[in-house]
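**Student:** quick one, fold the following:
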Amino acid sequence: MINKPRGYAEACDRNRDPILEVIRPLLEDCTTVLEVGSGTGQHAIYFAAKMPHLVWHTSDRALNHPDIRAWLDEAALANTRPPLSLDVTQSVWPSLAVDAVFSANTAHIMSWDAVKVLFAGVGELLSVDGLFLLYGPFNYNNQYSSESNRYFDQHLKLRDPESGIRDFEAVELLAQQAGMVLQQDYQMPANNRLLCWRKGLS
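**Tutor:** Numbering: from 1, shown residues only. This next block holds a predicted model:
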């Protein structure tokens, strides 16, 4: 049992198994993953432990690195890597060769401009057949998928007017512009989704 370092997100413990059930077969033939917005680092150590064939690169803004390092150090897994500095708003991405990019609960926290940069950056980083796996809540046809998502969106906007639940159709357009093709839209617990795109030929 891992002790809880300073940074702890209860949501990670709730959603990690449903996410793992979806991404494990998708990442079966992959060797290297970049996680964008690793947050506390909880997802990184859990998924890396369950999928030891993967090298799991964590990344986030520098202010979150101490928490990520605390989780990584305590888990002491051979297939995790120290957090890379990545702020998508600065449009500077690590120079990595990865088979997939994973990001959870980030698109609704970022501004829309940051989401656009995120998709463009992922599209440039991935090689042909690379995967982009994005987890979180989304609206469809400009409609909330649940009342709880409506309240959550209001809460987000009160905290930061530039944040909010994104429209699936809008992020799908960003993915297309970045050269990615939607493979699957997975329904997840608590009115979330996991979207999987594959990088196509340029």
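**Student:** right, and Asp113 touches Thr89 too?
**Tutor:** Yes: the pair Asp113 and Thr89 passes the contact test of C-beta atoms under 8 Å, sitting 7.3 Å apart. Bear in mind the C-beta positions are built from the backbone N, C-alpha and C, glycine included.
**Student:** so where is this structure shaky, pLDDT-wise?
**Tutor:** 1-6, 202 (pLDDT under 70).
**Student:** the same query, at a cut-off of 90, please.
**Tutor:** 1-13, 89-95, 201-202 (pLDDT under 90).
**Student:** so where's the longest helix in it?
**Tutor:** helix 10-26 (DSSP state H).
**Student:** can you name every helix or strand that the helix or strand following it contacts?
**Tutor:** Going down the chain from helix 10-26, the next helix or strand is strand 32-35, by DSSP states H and E. Where contact means 3 or more C-beta pairs under 8 Å, 6 or more residues apart in numbering; DSSP states H and E, strand 32-35 is packed against strand 55-60, strand 100-104.
**Student:** reformat the ones you listed as CSV; add distance to Ala9 and mean neighbour count.
**Tutor:** Formatted as CSV, the helices and strands packed on strand 32-35 follow (distance: least, C-beta to C-beta, whole Å; neighbours: other C-beta atoms under 10 Å):
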stretch, distance to Ala9, mean neighbour count
strand 55-60, 13, 24
strand 100-104, 10, 25
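**Student:** using JSON lines, lay out those together with distance to Asn142.
**Tutor:** Shown next, in JSON lines, are these (distance: least, C-beta to C-beta, whole Å):
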{"stretch": "strand 55-60", "distance to Asn142": "31"}
{"stretch": "strand 100-104", "distance to Asn142": "23"}
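**Student:** what strands flank the strand or helix carrying Leu182, and is each parallel or antiparallel?
**Tutor:** Leu182 belongs to strand 180-188 when assigned by DSSP H and E. If you go by DSSP bridges, strand 180-188 pairs up with strand 192-199 (antiparallel).
**Student:** what about Glu21, neighbour count?
**Tutor:** Using other C-beta atoms under 10 Å, the number of residues around Glu21 comes to 12.
**Student:** excluding chain neighbours, what is closest to the spatially most central residue of the chain?
**Tutor:** The centroid of the chain falls nearest to Ser103 when counting by C-alpha atoms, centre = their mean (0.6 Å). Of all residues not flanking Ser103 in the chain, Val36 sits nearest, at 4.2 Å (C-beta to C-beta, 6 or more residues apart in numbering).
**Student:** distance of that neighbour from Pro83?
**Tutor:** 11 Å (C-beta to C-beta, to the nearest Å).
**Student:** which neighbours do these two share?
**Tutor:** Ser59 (C-beta atoms under 8 Å, 6 or more residues apart in numbering).
**Student:** what's downstream of the helix or strand harbouring Val122, the next helix or strand?
**Tutor:** In the assignment (DSSP H and E), Val122 maps to helix 112-125. The element immediately downstream of helix 112-125 (helix or strand, assigned by DSSP H and E) is strand 131-136.
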